[in-house]
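# here is a sequence together with a model predicted from it:
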Amino acid sequence: MRLSRLVAAGAAACLVAGIAACGSSGSSSSSSGGSSNATASSITIWGSNVAFWAYQAAHLSAFEKETGIKVNYVQIPQATILDKEAIAQRAHSSEFAMYEGPTSLISQDVGLLGGVGLQQFQSNSKLNVSGFSTNGMGELGDCTMNGTLYCLPMFVDGAVLAYNKKLLSKAGITTPPATWAQVVTDADQITQKTGTPGWCTRGSEAGAAIATAHFMEAYYIPYNAKNKGFTVGPDWKSLDDSPGALAWAKDFQHLMTKDAPKGVGAFTQQNCEQAFDEGQTAMYYDGLTSMDANQFTPKAGTPLAGGNVGFDELKCPTSSPCMPLGPWGMFINPRVSKAQQNAAWKFMQYEDSTPFLTQEIKALDFPGLAITKTVASEHFAGVPDSFLQAEAYAESQAEPNAFPPTTAFNQSQQDEETAISELISGTPPAKAAAFAANGANQVFQQAGLLK
Amino acid sequence: MFDRRFFGLAAVPAFLAVFIITAVPLVIGLGLSFSSVTSTHNGVFPLTLSNYGHIFSDSEVHTVLLNTLIYVVLAVGLETLLGLGLALLMTRKNRAISVFRVIFLLPLTVAGIASAISWGALLNTSQGWIDYFLKLAHLPQPNWLASPTTAMPSVVLVDLWSGVPVVAVIVLAALLSAPKDPIEAALVDGAGPWARFRYVTFPAIRPALVLAALLRTVAAFQQFALFQVLTGGGPGLNTTVLNFYVYQQTIVFNNIGYGAALAMLLLVVMAVPLVVLFLYSRRR
């Protein structure tokens, strides 16, 4: 009897402690105005395990020599880095001074969990690193929320269409498509005349199909400066069932069910890239940073060898922008000391400095890192000019405020991801579009945004 | 008396360890299920019942529960049957039986995530080996992971690959340790193979079989890697099961309060078949 009372009391105490421990004021905890110039002698950064982070981790000796700051680089698999960071931020972790994350989630990272504004560091000349400047740096807008800059961009965002010239020629197509209507027509023609699927883009929920679907969808939904986001109207009502979105759903379904490789509903970015590299699909649509040496300088004897790859930018249908860019950025952790934050700021500047970026892009043949006009204007041997043109066009067509500054946006995409999968499975476009719109509206209603 | 007291004291560290790693998170999760932590609100208070209310109004929960039921019944049922069959086969006296036992039990040594990635590559419709050989044999090539009708059976198939050996090894141990006299007596009495199995062998291994089914039921409810890697819960919601849905709500969408409430639902849903199996095992 006595033991059971003790157990019951212990459980009740745990319940109270558990609720209290999980409580949080939730307020932004950016540091007060920076007058201290002290920098920590070592910092830890959390980055994903993509090729360019691995390169950077191995080439930091110049940074360490210039600043005296040792960088401990923690590589986290791309598939899980967002989950890990979300958990760490909720737990108020101070394990890392700097982390990378998508700017589309800036409202969650900063608004909900706290962020560090960068103006305080920019105004302190004693923290400057040579070769760094924000002049001509594209995509700073994506790093800005409510007028405050919270991150520095890591790479250029946007989508590009890569195409197999021989397959297009075999189907009787002399110029690559310039509009989505032409993409659909050309994909049909290639599939029918050559027997090779004319198109491929990610279809799997596990592969974040929504990313490339978003790039395509933005072309169809007219830009409106009053919109809260590229799929959210001025009144917070979802535009996923608007006439433009419906037209997108029809074209997307057509491409994915008639012209894509069999099983594309389970394809990740790597599957489509492999299919394209092996000549099993004529057109491959994905992010700029998905393209690499396999497409830029394919090995001899492969289906893409001999200048067989072209890159194409699809023009926005009107003079208004149509690119919902949301690159990843480098953010400072508000839970670390001022000295750590100063050191992280120096590291971020070094990462985005012109000499380092130029050296990195040349070493990796990865022009997606050309985040400033200065770097982008250089000619990189091994990178086709058509790709650089597509990259520059994407940046020039960035929609301001493409992603709503609310943490509810991420959740509102849940049903759109499901709807994309349903479209590939053959669900009528109107039904899938309505499902996505209803889900998003419910989320915005629960968040008190949609009346 | 001293022995009993000593035993009690000796069990305290183990009890504390189990209590800390099970009861404490459970209680904290229960507390969070009443909290207001959502994707737009980072505070625990005010406490609310709306997370549980949302479970009833969320139409996706009904789909998720149905998917969970289908997956658990299929996976556990087939694993138990096939595992039993495999164990019976492995009791045969055969010169190469040791080799066969090693081969059939090898999947036990492969990590779940590794098998998920490997099977994902094999089941790829355009680039995978399975459809390649099916095509060579002029057989239909299903759209394994991308079709609403074959996605869940594909996940079950992958789960069977590693789950059947688990059941087989437990049942094999019971078969090898079961007394031989009743079987010999049944043979002498002229009982056929089915009668011997039904009236002699099965009752002897029933506790082990129930244990194996219990373990596989828990594993089925906890399954995450296969759904995350193979399908991402898709196509649509066709392979979104409750455990995966909890992850989506809690980690991906930051609806921590609602995710915790779903986790409590998972606990209740898990308890039902476990209680049934437990009662069955106690039946004489």
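Cool, the structure landed. All values derive from a computational prediction rather than experimental measurement.
# give me the nearest residue to whichever residue of the stretch 51-200 of chain B sits closest to chain A, chain neighbours excluded.
Residue nearest to chain A within the stretch 51-200 of chain B (C-beta to the nearest C-beta): residue B:125, separated by 2.4 Å. For the C-beta atoms, the positions are set from N, CA and C on the backbone; glycine is no exception. Once flanking residues are discounted, residue B:125 sits nearest to residue A:263: 2.4 Å by C-beta to C-beta, 6 or more residues apart in numbering or on different chains.
# can you classify the residue of the stretch 51-200 of chain B closest to chain A as helix, strand or coil?
Secondary structure for residue B:125, judged by DSSP: H, G, I helix; E, B strand; the rest coil, is coil.
# what about the residue nearest to residue B:125, neighbour count?
For residue A:263, the tally of surrounding residues (other C-beta atoms under 10 Å in any protein chain shown) stands at 24.
# just to revisit the earlier point, isn't the residue of the stretch 51-200 of chain B closest to chain A up against residue B:150?
No. Assessed by C-beta atoms under 8 Å, residue B:125 is found out of contact with residue B:150, at 9.8 Å.
# now list whatever residues contact both of these two.
Common contacts of residue B:125 and residue B:150, defined by C-beta atoms under 8 Å, 6 or more residues apart in numbering or on different chains, comprise B:142, B:143, B:144.
# wait, the second one sits on residue A:262?
Yes. Residue B:143 is in contact with residue A:262 according to C-beta under 8 Å; the separation is 6.3 Å.
# quick one: neighbours of the residue of the stretch 151-284 of chain B found nearest chain A, just the number.
Ranked by C-beta to the nearest C-beta, the top residue of the stretch 151-284 of chain B for proximity to chain A is residue B:232, at 3.0 Å. Residues lying near residue B:232 (other C-beta under 10 Å) number 23.
# cool, the one 10 residues further on as well?
As a burial measure, the neighbour count of residue B:242 was computed by other C-beta under 10 Å and equals 22.
# ramachandran angles for it?
Residue B:242 adopts backbone torsions of phi -60, psi -40, taken as degrees, to the nearest 10.
# pLDDT wise, what is the closest residue to residue A:381 other than its chain neighbours at?
Take residue A:381 and drop its neighbours on the chain: the residue closest to it by C-beta to C-beta, 6+ apart is residue A:362, 7.8 Å away. The per-residue pLDDT reported for residue A:362 equals 83.
# which SS state does residue A:362 fall under?
Residue A:362 ends up helix, using three-state DSSP.
# could you do residue B:48 as well?
Three-state assignment for residue B:48 (three-state DSSP): coil.
# wait, doesn't residue A:173 sit right on residue A:188?
No. In this structure residue A:173 lies outside contact range of residue A:188 using C-beta under 8 Å: 10.9 Å.
# quick one, which of the two is more surrounded?
Each of residue A:173 and residue A:188 has its neighbours counted (other C-beta under 10 Å); residue A:173 has more, 21 against 17.
# pull the CA atoms of stretch B:225-238 into PDB?
Written as PDB, here are the backbone C-alpha positions of stretch B:225-238 (Å, rounded to 0.1, in the frame of the first residue of the first chain):
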ATOM      1  CA  ALA B 225      12.300   3.300 -41.100                       C
ATOM      2  CA  LEU B 226      10.400   1.400 -43.800                       C
ATOM      3  CA  PHE B 227       7.700   4.000 -44.300                       C
ATOM      4  CA  GLN B 228      10.100   6.900 -44.100                       C
ATOM      5  CA  VAL B 229      12.600   5.500 -46.600                       C
ATOM      6  CA  LEU B 230      10.400   3.500 -49.000                       C
ATOM      7  CA  THR B 231       7.300   5.700 -49.400                       C
ATOM      8  CA  GLY B 232       7.400   8.800 -47.200                       C
ATOM      9  CA  GLY B 233       3.800   7.800 -46.200                       C
ATOM     10  CA  GLY B 234       2.600   8.000 -49.800                       C
ATOM     11  CA  PRO B 235       1.400   7.700 -52.400                       C
ATOM     12  CA  GLY B 236      -1.100  10.200 -50.900                       C
ATOM     13  CA  LEU B 237      -1.900   8.800 -47.500                       C
ATOM     14  CA  ASN B 238      -1.800   5.100 -48.500                       C
END
